[in-house]
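>>> this is the structure alone, sequence omitted:
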């Protein structure tokens, strides 16, 4: 059973517009959430994260929103650029039990058209 | 060299072959991981090594055999694989358990 779900396998956006990537989770013990970005032929790289004590974290064009009651988070990219075209993985981890190993979603492929 | 380096980048092997994937990290991390990425599936954690001891093995078939000779090197030995094992195999390292992950570029494995 998937604990981290990215239900949209792909998203297509025009350059300059906002990209919104969604992620849902089922494990209420998750307390830290991460987004990774992956280009073809490269490994995933860390993009942005958010702790469960916050509901928003912003870093330049990237903002992550967390809705704990809905067990939902989203990544907003504004304005979107063609170089943002990549696969975006949502990940979540739980501090309980001493393991901080994240659980990943399937990824959403973002295509930003010039 | 810095970061996490994986070799080879691409590998094609027959079902009766034996091959090994190599991962090397130059970050001073003390934990290393093998992940499998198949099309339309989440990143699947295969093995975790912390301080050179295997601490997790997520029900991976015995045809995959990991080895961690020291904190900088991790191997995945492959034998008698199946076509469904074709995937991108990613190595990652971290300082502490799961914190500050750094991934390698992966090995694209094709089993024929």
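Right, received. Where do you want to start? A quick note: this is a predicted structure, and the numbers were derived from the prediction, not measured.

>>> show me what the helix or strand of chain A with the lowest mean pLDDT is packed up against.
Lowest by mean pLDDT, DSSP states H and E among the helices and strands of chain A is strand A:103-104, with a mean of 91. The helices and strands touching strand A:103-104, judged by 3 or more Cβ pairs under 8 Å, 6 or more residues apart in numbering or on different chains; DSSP states H and E, are strand A:86-93. C-beta coordinates here come from the backbone N, C-alpha and C atoms, glycine included.

>>> the strand it packs on and chain B in contact?
Yes. Contact of strand A:86-93 with chain B (Cβ under 8 Å from any Cβ of the partner chain) involves A:89, A:93.

>>> contact partners of that strand?
A:3-4, A:6, A:21, A:23, A:25, A:27, A:30-39, A:44, A:47, A:73, A:75, A:99-105, A:107-110, B:43, B:98 (Cβ atoms under 8 Å, 6 or more residues apart in numbering or on different chains).

>>> list the neighbouring strands of the least confident helix or strand of chain A plus their orientation.
Sheet pairing of strand A:103-104 (DSSP bridges) gives strand A:86-93 (antiparallel).

>>> burial count for the spatially closest residue to residue B:4 that is not a sequence neighbour?
Spatial nearest neighbour of residue B:4, chain neighbours left out: residue B:104 (3.9 Å); criterion: Cβ to Cβ, 6 or more residues apart in numbering or on different chains. By other Cβ atoms under 10 Å in any protein chain shown, the residues close to residue B:104 number 27.

>>> for residue B:104, give me the pLDDT.
We have a pLDDT of 95 for residue B:104.

>>> give me every residue that touches it.
Residue B:104 sits next to A:43, B:3, B:4, B:5, B:6, B:23, B:25, B:90, B:91, B:92 when contact means Cβ under 8 Å, 6+ apart.

>>> over to residue A:4?
When contacts are counted by Cβ under 8 Å, 6+ apart, residue A:4 touches A:23, A:24, A:25, A:26, A:90, A:91, A:92, A:103, A:104, A:105, B:42.

>>> cool, residue A:33 as well?
If you count contacts by Cβ under 8 Å, 6+ apart, residue A:33 has them with A:23, A:25, A:49-52, A:64, A:66, A:73, A:90-93.
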